[in-house]
Structure formats: structure tokens, C-alpha cells
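Peer 1: only geometry, no sequence info:
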């Protein structure tokens, strides 16, 4: 179950008194225990209510009031979000918490509603499905997406080529024989022990991840990398560099969406669309 563990405000927290070094260190160790146990999902402290605002809803009115707010016992100074098996487990973890205040203090534990709790009023699950979509959208707001290329044993050669053709910068590289966990027996093709297990490469503003893979059977069918450049001269230069040893699938030409656009497959089989961006519509 998911619970919010609420640290109630106190006179010292509302006065803006900062915790001592000893308390900060103790809370840091406690949070580390929570993380290692897989219980803590998030948590933060809150500034005094004097820095906050309160909005009262009265019919169609929205009345905004500046802090501070007088009811200290009803305010919160911080919180955690935990995933626990039961309320008893949450209580046991709270008992282990250092006193978060300089005086007597309270920590409140509240269970979250889950969508199953609303099933009677959502018999077809439409609201639940919509909430699930929203949660996925929230998660994806902070995500990143990067292509991962497998070069079938030619990764070192490919990286050298992209350094020369595109000014690529290799930010990280690890070989299979450098892996701290080792490689499971039988996973690698013979002779791949010193091949590239993983590399992170920056090409302009794009991050590309790549590897030799575990054998020489990789291919690059079904996708292309779209590379945009600010000038036609730059576009032509990069297109010609990528075409060395590869093949031109569509020569650079003017299109209705770009003043210069072409497609090329480099000598490693990676397909590229190279272009100058057109005017936005």
C-alpha cells in the first residue's frame, strides 16, 4: 500500500529554525535505510507557512490569503511517500525516525486512495484508465529517448568514422572484458571478449548509445536517424562524409518541407536523413 508520512509543523519549523548538523546527518542515514529497504519513493521538507499561500473556494470565488497560518498543529513541515505492506510496517518505520523537531513533534501516517476504491462509481474502468494514462504522461515528462545501435563487431571502426564525419564525442566506453559483473558464459560470440559492450556518444545535441552486440548478426533495418543542420553548406559536407563507403539512397535536393534534403546509408548500414529544416508552418 502507498502511504504519505506527514511531519507536522511545530513552533520551531514555523519560525524557520534550521535543523542542526547532527539532525541532518541522522535524517540522512534514516532516509538511506528507507531507500535500501525499497520503501521510500519520494520525500521533502517544506518551508514555513509564512512563505506560502492559501486559496479558499467560495462558490465561483477564489480567495488567496498570504501566510503565515495560525493553526500550527494543522500544518505540515515535510513528508515522505512510502510503499509498505501494511500500516503496522509504516508505524514500525516511523518509530525508528529521529525526532524531526527541536521540541515534541508528531508524524502522521495517511493511506492513499487507490483506483480500486472507486470501482463502484467507475464500473467500466474508464476513469481508472484515464488516470493510468495521466500517470504515464507524468513519468514520461522527465524521460529521455536515445537510439541504441548495434554494430556487429565494428563499433570501434564506426566510432572512428563518426568522429571524422560528424565530430562525434565519445563520452563513455566499456568493453565486455571490463564489465564489473562479468559476462554470462556462452553469451558472446568467440572473439568478442574485447569488443565494445556499451558506449555513449554525443553527436551535436543528440545522444546515441551503441555496442558491438554479442555477435556479428546485427542489422539496421526499419529506421533512419534524422540529422538537421542549420546551413546548406554544412548539410552537403555532412551528407558527403556519411556517404563515403556507403550508398546514396536519395541525393540532396529541395523538397516542399526542406530547402535541402537527402537520404544516405553509411558503410555500417545505418540509414540517415540529412536536411536543413524548412520554415515552420
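Peer 2: Here it is on my side, so go on. Fair warning: this is a prediction, and the values are worked out from it, not measured in the lab.

Peer 1: show me what secondary structure element comes after the worst-scoring helix or strand of the chain on mean pLDDT.
Peer 2: Lowest by mean pLDDT, DSSP states H and E among the helices and strands of the chain is helix 126-141, with a mean of 87. Once helix 126-141 ends, the next helix or strand along the chain (criterion: DSSP states H and E) is strand 148-150.

Peer 1: that next one pairs with which strands, and in what direction?
Peer 2: Strand pairing for strand 148-150, using DSSP bridges, gives strand 206-211 (parallel).

Peer 1: what's whatever helix or strand comes next after the partner strand packed up against?
Peer 2: Scanning forward in sequence from strand 206-211 by DSSP H and E, the next helix or strand is strand 225-228. Helices and strands touching strand 225-228, by 3 or more C-beta pairs under 8 Å, 6 or more residues apart in numbering; DSSP states H and E, are strand 206-211, strand 271-276. For every residue, glycine as well, the C-beta is placed using N, CA and C.

Peer 1: point out the most buried one among those.
Peer 2: strand 271-276 (a mean of 21; mean count of other C-beta atoms under 10 Å).

Peer 1: give me the contact list for that strand.
Peer 2: The contact list for strand 271-276 (C-beta atoms under 8 Å, 6 or more residues apart in numbering) reads 220, 223-232, 235, 238-239, 242, 249, 252, 258-266.

Peer 1: of these, just the buried ones, PyMOL syntax please.
Peer 2: Burial among the contacts of strand 271-276 is assessed by 16 or more other C-beta atoms under 10 Å; the matching PyMOL selection reads:
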select buried, resi 220+225+227+229+235+238+239+242+252+258+260+261+262+263+264+265+266
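
Peer 1: can you name the farthest residue from the center of the chain?
Peer 2: residue 59 (40.0 Å; C-alpha atoms, centre = their mean).

Peer 1: any idea of the pLDDT on that residue?
Peer 2: Residue 59 carries a pLDDT value of 94.

Peer 1: phi first, then psi, for it.
Peer 2: As for residue 59, its main-chain torsions (degrees, to the nearest 10) stand at phi 60, psi -130.
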